[in-house]
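J.: Build me a model:
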Amino acid sequence: MDTNISMLSTLFLALLFSLHSTDAAPEWGYKGDSVVAEDWATVHANCGGESQSPINIDTYYAKEMEFDAWKFTNYDVLVDNETSIMNNGHTIQVNPGTYTAGSTTISGGGLPSVYSFLQLHFHWAETNDAGSEHTRNGNAYPVEMHLVHWDSGNYAIPPLAVTSAKGLAVLGVWFEVGEENPAFDSMLDAISETNVMYKTPNLGSYVFPESALFSLGDLLPADTTKFYRYDGSLTTPNCYESVVWTVFSDPIQMSEEQIEKFRATFQNEPEPNPIPENYTAPEELPIGLNYRPVQDLGDRTVYKGFATLSAPESTVPSTTAGATSRHFDTYTVFLLSIVHYIFWLSEDMYKFPYSP
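T.: As a prediction, this is how the structure comes out:
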């Protein structure tokens, strides 16, 4: 058997195993009848660990540290035309197409490896005095965005990285109420103008049209040289302690009207179309809030980081539709296609373990 095909088969089986290797557990959530955040450890033991996230960042005790320059590869390039947005019942999540996932990476900034972009999602609450998962000096922001990356420098596929120390790198961005932010228009329009405001049936997704594509770099603060750094966990079950956290110091602005679009989302699926006879519509359940309370820092150190400013690096054309990856060989691109097909369609993988 060809060596590459054998490797592909092995990795594919490893992926399948990761999808089904966990025992069934009660549905977790943040309020209502689900297992709420304060009780997650009763059904997901990892959530009771000693290096959990999020945390309160006490700037007085944060240790100053200078890091090497960030390297944001293809963060200035439009995401590909397979990029999609969905409501998984817990959050609004954006999933990259295979090409973007295979070519968009972060490194430097004190990270121990090269990390590939996996997904981004948001946390919020019903009012502006809460919503962010991380707080600063006890103060919360109304929204926090997480851009999740996996260690593609050391692991073949995301499921192998997610349970490993420093296997994930998450960029956290705080939002404050201010001016309208056009960088998020295509996401927010998708929420309000499509059924993404409801849990996406069968965990499908809405693919962005060509006219609504965006670059990840436009979603970050203007100054990425200042940030907080610590080692922690996913902030949803199974709470694996595998995350190198970066929370940027400078919040970005979003208007009150834009933030309200997150609050107008629901845990339940939309009514079927067409509506069958004798159909009884379920009660609409707003997501409402989806942040985990801060966890004990313990003996961990939070660093107040300073990184040298560096220009974004592009290795692909600015128009990516129909392109083939220069970063990976043919077999890896094929593998990633299979990974993403199963990964994005599996409900288990949305609940566990990819939503820090």
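J.: how about the strands in the stretch 51-200 of the chain?
T.: 56-57, 63-67, 70-73, 84-87, 92-95, 105-108, 115-124, 135-136, 143-151, 168-177 (DSSP state E, counting those that start in this stretch).
J.: ok and the last one relative to strand 115-124, angle-wise?
T.: Angle, strand 168-177 to strand 115-124, by axes from the mean of the first three to the mean of the last three CA atoms, to 10 degrees: 40 degrees.
J.: Pairing partners for strand 168-177, with directions?
T.: Pairing partners of strand 168-177, with direction, according to DSSP bridges: strand 143-151 (antiparallel), strand 243-248 (parallel), strand 252-254 (parallel).
J.: How about residues contacting stretch 189-199?
T.: Here stretch 189-199 makes contact (CB atoms under 8 Å, 6 or more residues apart in numbering) with 85-89, 92, 201, 206, 208, 212, 261-262, 264-270. C-beta coordinates here come from the backbone N, C-alpha and C atoms, glycine included.
J.: Are any of these buried, and if so which?
T.: 85-89, 92, 206, 208, 212, 261-262, 265-268, 270 (16 or more other CB atoms under 10 Å).
J.: Show me the beta-bridge partners of Glu66.
T.: Phe306.
J.: mind listing what it touches?
T.: With contacts defined as CB under 8 Å, 6+ apart, the neighbours of Glu66 are Gly305, Phe306, Ala307.
J.: Out of these, who's the most crowded?
T.: In terms of neighbours by other CB atoms under 10 Å, those top out with Gly305 at 23 neighbours.
J.: Distance of the most centrally placed residue in the chain relative to Trp245?
T.: For the chain, the residue nearest the mean C-alpha position is Leu120 (3.2 Å; CA atoms, centre = their mean). To Trp245, Leu120 is 15 Å away according to CB to CB, to the nearest Å.
J.: on that earlier part again, can you tell me which of the strands paired with strand 168-177 comes nearest to Ser314?
T.: Nearest to Ser314, of all these, is strand 143-151, at 17.5 Å by CB to CB.
J.: pull the CA atoms of that closest one into CSV?
T.: Output of strand 143-151 as CSV, limited to C-alpha atoms (Å, rounded to 0.1, in the frame of the first residue of the first chain):
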residue,chain,number,x,y,z
VAL,A,143,-18.7,40.5,24.5
GLU,A,144,-15.6,38.3,24.1
MET,A,145,-14.5,36.7,20.9
HIS,A,146,-12.2,33.6,20.8
LEU,A,147,-10.2,32.7,17.7
VAL,A,148,-9.2,29.1,18.2
HIS,A,149,-6.0,27.5,16.7
TRP,A,150,-4.5,24.1,17.0
ASP,A,151,-0.8,23.0,17.1
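J.: Excluding chain neighbours, what is closest to Glu126?
T.: Gly288 (5.5 Å; CB to CB, 6 or more residues apart in numbering).
J.: burial measure for the one you found, as a count.
T.: Neighbourhood size, Gly288 [other CB under 10 Å]: 15.
J.: mind pulling up the phi and psi values for it?
T.: Phi and psi for Gly288, reported as degrees, to the nearest 10, are phi 70, psi -70.
J.: show me the contacts for it.
T.: Tyr30, Lys31, Ala125, Glu126, Arg263 are the contacts of Gly288 under CB under 8 Å, 6+ apart.
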